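**Q** Curious how this folds, go ahead:
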Amino acid sequence: MPLTIQPLIDLANTDLELQTNIFSRTHLERQIDTARSVVDKHQKLFEQKNGDISLLNNEGSEVKKNIQIQEQLIVRLDEQVPKIRNEKEFAASKSQLEEARKLLGMLEEKMLELDMKKEDLDQEVEAINTELSESNSAFQEKTAGLLKKHEKVEKKISKLEPRRDRLLKKLPQKIKHFYERCQLSGISTPVCAIRDKSCSGCHMVLLPQLVNELMANPNSHKNCPYCSRILYFPEVEEVVES
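**A** Numbers count the residues shown, from 1 in each chain. From the prediction side, this is the model:
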């Protein structure tokens, strides 16, 4: 085929291959993200429960301090009350002792409640940690192949993008500007072949006259009347009979 149309065809084929690989990359990334979301869910829950345990530990430390304060107060009052001779002071100190014992009982109940909560949380964290380990293993196993495919696709894209840029520079300025406008407007394949008498970009059936013109002169190109893409008629491979 004459070279005048070949850069356009090469660009179309490169664009198609590039878009196919970009689609594959997006699909692989979604699969990897879906697999990772299970791990992230368990990781988030694991961190949340550990945070709850940390809060309980802090609260428990505060309660323990208050228990020690009340125990020290009770010991001191137990020693002082029998020695008090003033009736009013005796009554006041005895009342203070009773309040201290009452508060100590409440604090001990609170400490027991916190210990029970922490025990439950420890069991939850252990179970979640097991699930996290299992989901991590499943993620590694499932994504090992996906990551290899993703790396392969990335390498293809890294080769195709500069090739597309080189081919674009070979085109006439008018076509180059049209191509760039299409790219900016979201049309990823501005150059398309005619397939089954239709534009392979928008898939609209073309007028026979346009198809016949390009078929008669495969070295020419025209714009699709529906989507404005540049159309060309692909070279038909000759079948050699053996």
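**Q** Domains in this protein, by residue range?
**A** Per automatic domain parsing, the structural domains of the chain span 17-156, 173-232.
**Q** Now for the protein, the helix or strand with the poorest mean pLDDT.
**A** Least confident helix or strand of the chain, by mean pLDDT, DSSP states H and E, is helix 173-184 with a mean of 84.
**Q** Who are the packing partners of that one?
**A** Judged by 3 or more CB pairs under 8 Å, 6 or more residues apart in numbering; DSSP states H and E, the packing partners of helix 173-184 are helix 87-169, strand 230-232. C-beta coordinates here come from the backbone N, C-alpha and C atoms, glycine included.
**Q** What residues sit buried inside that helix?
**A** Across helix 173-184, burial judged by 16 or more other CB atoms under 10 Å covers 175, 178-179, 182.
**Q** Tell me which of the helices and strands packed on helix 173-184 sits most buried.
**A** Of all the helices and strands packed on helix 173-184, strand 230-232 carries the top mean neighbour count, a mean of 22, counting by mean count of other CB atoms under 10 Å.
**Q** Now do the SS call for the residue nearest the centre of the chain.
**A** For the chain, residue 33 is the residue whose C-alpha lies nearest the centre (CA atoms, centre = their mean; 4.6 Å). Look at residue 33: counting by DSSP: H, G, I helix; E, B strand; the rest coil, its state is helix.
**Q** Residue 187 too?
**A** Using three-state DSSP as the criterion, the local structure at residue 187 reads coil.
**Q** Could I get the contacting residues of the nearest residue to it once chain neighbours are set aside?
**A** What sits nearest to residue 187 in space, not counting adjacent residues and going by CB to CB, 6 or more residues apart in numbering, is residue 229, at 6.9 Å. Residue 229 makes contacts with 182, 187, 189-192, 199, 201-202, 223, as judged by CB atoms under 8 Å, 6 or more residues apart in numbering.
**Q** Low-confidence ranges, this protein, go.
**A** 1-4, 236-242 (pLDDT under 70).
**Q** and if we set it to 80?
**A** 1-5, 81, 84-85, 87, 90, 183, 188, 235-242 (pLDDT under 80).
**Q** which one's the longest strand in it?
**A** Longest strand in the chain by number of residues (criterion: DSSP state E): strand 191-195.
**Q** Report the distance from the helix or strand immediately after that strand in the chain to the chain centre.
**A** Next along the chain after strand 191-195, taking DSSP states H and E as the criterion, comes strand 198-199. Centroid separation for strand 198-199 versus its chain: 37 Å, with CA atoms, centre = their mean, to the nearest Å.
**Q** How about residues contacting strand 198-199?
**A** 192, 204-206, 224, 226-227, 229, 231.
**Q** out of these, which is most surrounded?
**A** The most crowded member of the contacts of strand 198-199, judged by other CB atoms under 10 Å, is residue 231 (25 neighbours).
**Q** for it, what are its contacts?
**A** 192-194, 199, 206, 210, 214, 221-224.
**Q** Just put these in CSV and tack on distance to residue 95.
**A** What follows is the contacts of residue 231, written out as CSV (distance: CB to CB, whole Å):
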residue, distance to residue 95
192, 95
193, 99
194, 102
199, 96
206, 102
210, 105
214, 107
221, 103
222, 104
223, 99
224, 97
